[in-house]
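# below is the sequence, then the predicted model.
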Amino acid sequence: MRQMKTECMPPEKAARLMRLATYASVLVASILVSIKLGAWLFSGSVAVLSSLIDSALDAVASIVTLFAVHHALTPADREHRFGHGKAESIAALGQAAFITGSAIFLLFEAGNRLTQPQLIDHGNLAIAVMSVSVVLTFALVRLQLYVVHRTGSLAIGADSVHYKADLLVNAGIIASLVLATRFGIPVADPLIAVAVAVYILYSAWQVGREALDSLMDHELSKNDRDRIGDIVRAHTEVKGLHDLRTRMAGTKPFVQLHLELPGHMTLHDAHIISDQVEADLLVEFPGAEVIIHQDPEGINEKIDDFND
């Protein structure tokens, strides 16, 4: 279930942070691919190869994320009046497919090395490269987590899943290289590669599930819906609300509800109260699209009841 971001931020500042994170992701991924390619060519390690494949797909996914975020931040137009926020979800779903493909390829490579173990050359070089990878990846993940926390970006959150997995992956690869080169246990190399592949598959499932939730207009979390109800009921003129519907498109929340007001109230006064409720909701959920329908109190109409 989608959870709204925990901090309020103007959309313009959020857009700048999101673009910064995507540029940093592409830069770091490109550096990692270059140095890991050299390390694999010299060492022949299948664990290093697994990390190289993962980083190469991360680079592709990061480029896709860069374009998706750019498109998602494009203002609404005549053909897309709800905006372009779901471009983030589509990008995240594509990333999940990329990750799954890399994991399957890696399982085949590791299986070959298990049946035909090979010695690793230039182990010290490979260990040094993987150590540099850990430092660069850690710095990128810290930036991405900060941006996700401030903006709630689904695409950048999906991108960070890759790199958080890479931190564990790279640490495991360093361990496998040490075991293979220092202690003569070459089977550790493909075994850790298998573990990496399993973890990548799990990460792909997480990313894909959240992307599908967004594309299928999954409701916001219960906490967010409760916060909306509390804000609406804080107005003394409001007698109740019903038919609350919520969803996310990228980082943009959509809130729709029916406001129950006294039957004797004029349309002008009802409109003023609705504007006040909307303003309070926008303070809590910046950049949200809020649609409020006014109903006279006590009117019986068909209401969707999902027991929430």
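That came through, no problem.
# please count neighbours and contacts with C-alpha atoms only from this point.
OK.
# how about the helices in the protein?
For the chain, the helices defined by DSSP state H occupy 11-43, 46-72, 87-115, 123-151, 154-182, 188-215, 222-233, 267-284.
# most neighbours per residue, which of those helices?
helix 46-72 (a mean of 24; mean count of other CA atoms under 10 Å).
# which other helices and strands does that helix contact?
Packing partners of helix 46-72 (3 or more CA pairs under 8 Å, 6 or more residues apart in numbering; DSSP states H and E): helix 11-43, helix 87-115, helix 154-182, helix 188-215.
# can I get the ones you listed in CSV with mean pLDDT and distance to residue 130?
As requested, the helices and strands packed on helix 46-72 are exported to CSV (pLDDT from 0 to 100; distance: least, CA to CA, whole Å):
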stretch, mean pLDDT, distance to residue 130
helix 11-43, 85, 8
helix 87-115, 77, 18
helix 154-182, 76, 6
helix 188-215, 79, 14
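# among those helices, which comes closest to residue 232?
helix 11-43 (23.2 Å; CA to CA).
# picking that back up, the helices and strands packed on helix 46-72: which one's closest to residue 267?
helix 11-43 (31.9 Å).
# and the angle from the closest one to helix 154-182?
Helix 11-43 and helix 154-182 are oriented at 20 degrees to each other (axes from the mean of the first three to the mean of the last three CA atoms, to 10 degrees).
# now helix 11-43: how far from the chain's centre is it?
Mean C-alpha position of helix 11-43 versus that of the full chain (CA atoms, centre = their mean, to the nearest Å) differs by 16 Å.
# then stretch 241-253?
Per CA atoms, centre = their mean, the centroid offset for stretch 241-253 relative to its chain is 18 Å.
# so what touches that stretch?
Stretch 241-253 has contacts (CA atoms under 8 Å, 6 or more residues apart in numbering) with 2, 72, 84-89, 151-155, 214-215, 217-220, 225, 229, 232-233, 254-260, 285, 287-289, 303-305.
# on that earlier part again, let's have the helices and strands packed on helix 46-72 in JSON lines, adding distance to residue 265.
Formatted as JSON lines, the helices and strands packed on helix 46-72 follow (distance: least, CA to CA, whole Å):
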{"stretch": "helix 11-43", "distance to residue 265": "35"}
{"stretch": "helix 87-115", "distance to residue 265": "42"}
{"stretch": "helix 154-182", "distance to residue 265": "42"}
{"stretch": "helix 188-215", "distance to residue 265": "38"}
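# dump the helices of the chain to JSON lines, plus distance to residue 239.
Shown next, in JSON lines, are these (distance: least, CA to CA, whole Å):
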{"stretch": "helix 11-43", "distance to residue 239": "32"}
{"stretch": "helix 46-72", "distance to residue 239": "37"}
{"stretch": "helix 87-115", "distance to residue 239": "37"}
{"stretch": "helix 123-151", "distance to residue 239": "33"}
{"stretch": "helix 154-182", "distance to residue 239": "36"}
{"stretch": "helix 188-215", "distance to residue 239": "32"}
{"stretch": "helix 222-233", "distance to residue 239": "7"}
{"stretch": "helix 267-284", "distance to residue 239": "12"}
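# would you mind splitting this protein into its domains for me?
11-215, 222-296 (automatic domain parsing).
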